[in-house]
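Undergrad: structure for this input, please:
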Amino acid sequence: MTARSDIHKIPGPMLPGEFVGFIAALMAVNALGVDLMLPALADIGEQLGVTTANHRQWIITAYMLGFGTGQLVYGPLADRFGRRPVLLVTLLGFVAASIFAASSQTFAALLGARVLQGLMSASTRVLAVAIVRDRFNGRQMARTLSVAQMIFFLVPIMAPTLGQVLLVTLGPWRYIFYALAAFAAFVSAWSFVRLGESLPAERRRALSLPTLAHAYRLTLTNRFSLGYAVAASMTFGAIIAFVSSAQQIFVDEFGEGDRFTYLFAACAFSMGVASFANSRLVERLGTRLISQAAVLALIALSVAHITVILSGTETLWSYMAFQALSMTCIGLCGSNFGAMAMEPVGQIAGTASSIQGFITSVGAVIVGSLIGQSYNGTTLPLAIGYLGIGVAVLAVVLVVEEGRLFYARQPA
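TA: Numbers count the residues shown, from 1 in each chain. Sure, this is the predicted structure:
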């Protein structure tokens, strides 16, 4: 019975390298959905009659709102019907939503399409975590997610440049959404051909109110599960704030329109480096030591950055340095917070991933929108926002860990 169960935990014929690449590709569907159109925001706003620059950020925010909300649905469905069928249906839905976005004639229609895109891509986040949790737990899960995220973070590095290439070679911004549809179709085909079901029939859970209520209670009453999901939401909010305002900061404030994609990529690259380092260190140092040290470093960096801005000595390169270092800290938090949140709820991995994903994504939209919409032509709102995030995350961690930092413990 044990041997049979172990066989069922292996997702199809995928070897470890292909498995990590596949998980990264799932994550990349969402990352491309956010970042690929960044170079086109100004063109989209001009063609669809958006007169206020900050309102262009809603193209990102609408997507993230759908992304967060949709995660509540897919976990229970995946726990009942398995990971593979839910993934295939939603990837095809993402293809349809991308085509709808490409054909939008008004800003409202585009925002509706973006919400729909987010609703469909929400499955990729839920199911990527659940499929990994089906195979691994603890530090091994954190290491696997870190390797996948290291590959995944290459997408934000390349996505704006790829979007710019699409604009230059193909012309209209609508082709960016056709490219999203093509990539999602590719991942769907990969899933159909190579992805085996990682949730055996004997571990599936019935769709019923008592079952869902039990899963919600387990996820929301465990302080590790809830607390680290909240902490992850705030660090994710920092990423949304940066992505939403990056075009305005680099192009409008610093006048670097020609180099925007490269400057953006440099900041995103720091998160990839952080994920790579985490994948190498986490099994030796532990999730708590790495993530909690990163939070303290983020607070110190934010204080220093605010000081530079208020002194009037902020330049493009000082901003780049502080932003890249801050993104490094955030990158060291993400997969570790996620692994610690999932650790005590592995028996309901799909539903727990949905609930935690909803908390993380919707919380991030709120945090990121508050910071992004406060953009006033300077980098000060972003730096103050990062300081607030760091202090709030530290407070949450202290509550979860009962006032102790850097203490390796196993949640009950």
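Undergrad: show me where pLDDT drops low in the stretch 1-150 of the chain?
TA: Low-confidence segments of the stretch 1-150 of the chain (pLDDT under 70): 1-13, 136-143, 145-150.
Undergrad: is it true that Leu166 touches Arg174?
TA: No - in this structure, Leu166 is not within contact of Arg174 by CB atoms under 8 Å, at 9.9 Å. Just so you know, the C-beta spots here come from the backbone N, C-alpha and C atoms, and that holds for glycine as well.
Undergrad: the two - which one has more neighbours?
TA: When neighbours are counted by other CB atoms under 10 Å, Leu166 comes out ahead of the other of Leu166 and Arg174, with 22 against 19.
Undergrad: who does the helix or strand harbouring that one touch, helix- and strand-wise?
TA: Taking DSSP states H and E as the criterion, the element that holds Leu166 is helix 154-170. Helices and strands touching helix 154-170, as assessed by 3 or more CB pairs under 8 Å, 6 or more residues apart in numbering; DSSP states H and E, comprise helix 16-35, helix 174-194, helix 260-285.
Undergrad: need the pLDDT of the nearest residue to Leu226 once chain neighbours are set aside.
TA: Nearest residue to Leu226 in three dimensions, chain neighbours excluded: Leu220, at 5.5 Å (CB to CB, 6 or more residues apart in numbering). We note a pLDDT of 90 for Leu220 in this prediction.
Undergrad: buried stuff in the helix or strand hosting Leu220?
TA: According to DSSP H and E, Leu220 maps onto helix 209-221. Within helix 209-221, the residues that qualify as buried are 211-212, 215-216, 218-219, counting by 16 or more other CB atoms under 10 Å.
Undergrad: check stretch 270-282 too.
TA: Going by neighbour count (16+ other CB under 10 Å), the buried part of stretch 270-282 is 270-279, 282.
Undergrad: would you turn those into a markdown table with pLDDT?
TA: Converted to a markdown table, those look like this (pLDDT from 0 to 100):
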| residue | pLDDT |
| --- | --- |
| Ser270 | 84 |
| Met271 | 79 |
| Gly272 | 75 |
| Val273 | 82 |
| Ala274 | 83 |
| Ser275 | 77 |
| Phe276 | 77 |
| Ala277 | 84 |
| Asn278 | 82 |
| Ser279 | 76 |
| Val282 | 80 |
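Undergrad: for the residues you listed, which one is nearest Trp317?
TA: The shortest approach to Trp317 among the buried residues of stretch 270-282 belongs to Ser270, at 14.4 Å (CB to CB).
Undergrad: test my guess that that closest one contacts Thr328.
TA: Yes - using CB under 8 Å, Ser270 and Thr328 qualify as a contacting pair, with a distance of 4.6 Å.
Undergrad: so how far is the biggest helix by length in the chain off the chain centroid?
TA: Of all the elements of type helix in the chain, the one with the most residues (DSSP state H) is helix 107-135. Its chain's C-alpha centre and that of helix 107-135 lie 10 Å apart, by CA atoms, centre = their mean, to the nearest Å.
Undergrad: repeat that for stretch 74-94.
TA: Centroid separation for stretch 74-94 versus its chain: 19 Å, with CA atoms, centre = their mean.
Undergrad: can I get stretch 287-294 as CSV, trimmed to CA atoms?
TA: This file holds the C-alpha atoms of stretch 287-294, laid out as CSV (Å, rounded to 0.1, in the frame of the first residue of the first chain):
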residue,chain,number,x,y,z
THR,A,287,13.0,29.1,6.5
ARG,A,288,12.7,31.2,9.6
LEU,A,289,16.3,32.4,9.8
ILE,A,290,16.4,33.4,6.2
SER,A,291,13.0,35.1,5.9
GLN,A,292,13.1,36.9,9.3
ALA,A,293,16.6,38.3,8.6
ALA,A,294,15.3,39.5,5.3
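Undergrad: buried residues, that stretch. List them.
TA: For stretch 287-294, the buried set under the neighbour-count rule, 16+ other CB under 10 Å, comprises 287-294.
Undergrad: any idea how far the residue nearest to Leu226 lies from Met342?
TA: The gap separating Leu220 from Met342 is 14 Å, by CB to CB, to the nearest Å.
Undergrad: next: Thr287.
TA: When CB to CB is applied, the distance between Thr287 and Met342 equals 11 Å.
Undergrad: next: Tyr386.
TA: 26 Å.
Undergrad: ok, the spatially closest residue to Phe254 that is not a sequence neighbour - contacts?
TA: In space, and not counting its chain neighbours, Phe254 is closest to Leu316: 4.6 Å by CB to CB, 6+ apart. By CB atoms under 8 Å, 6 or more residues apart in numbering, the contact list for Leu316 reads 254, 256, 263.
Undergrad: phi, psi of the first one?
TA: Its backbone dihedrals place Phe254 at phi -100, psi -10, with angles given as degrees, to the nearest 10.
Undergrad: pretty sure it is touching Trp317, no?
TA: No - Phe254 is beyond contact range of Trp317, at 9.8 Å (criterion: CB under 8 Å).
Undergrad: comparing these two, which residue is more hemmed in?
TA: Phe254 (19 against 9).
Undergrad: any idea how far the closest residue to Val73 other than its chain neighbours lies from His55?
TA: Computed as CB to CB, 6+ apart, the closest residue to Val73 that is not its neighbour in sequence is Ser354, at 7.1 Å. Distance of Ser354 to His55, given as CB to CB: 30 Å.
Undergrad: now do Ser326
TA: In this structure, Ser326 and His55 are separated by 26 Å, where distance is defined by CB to CB.
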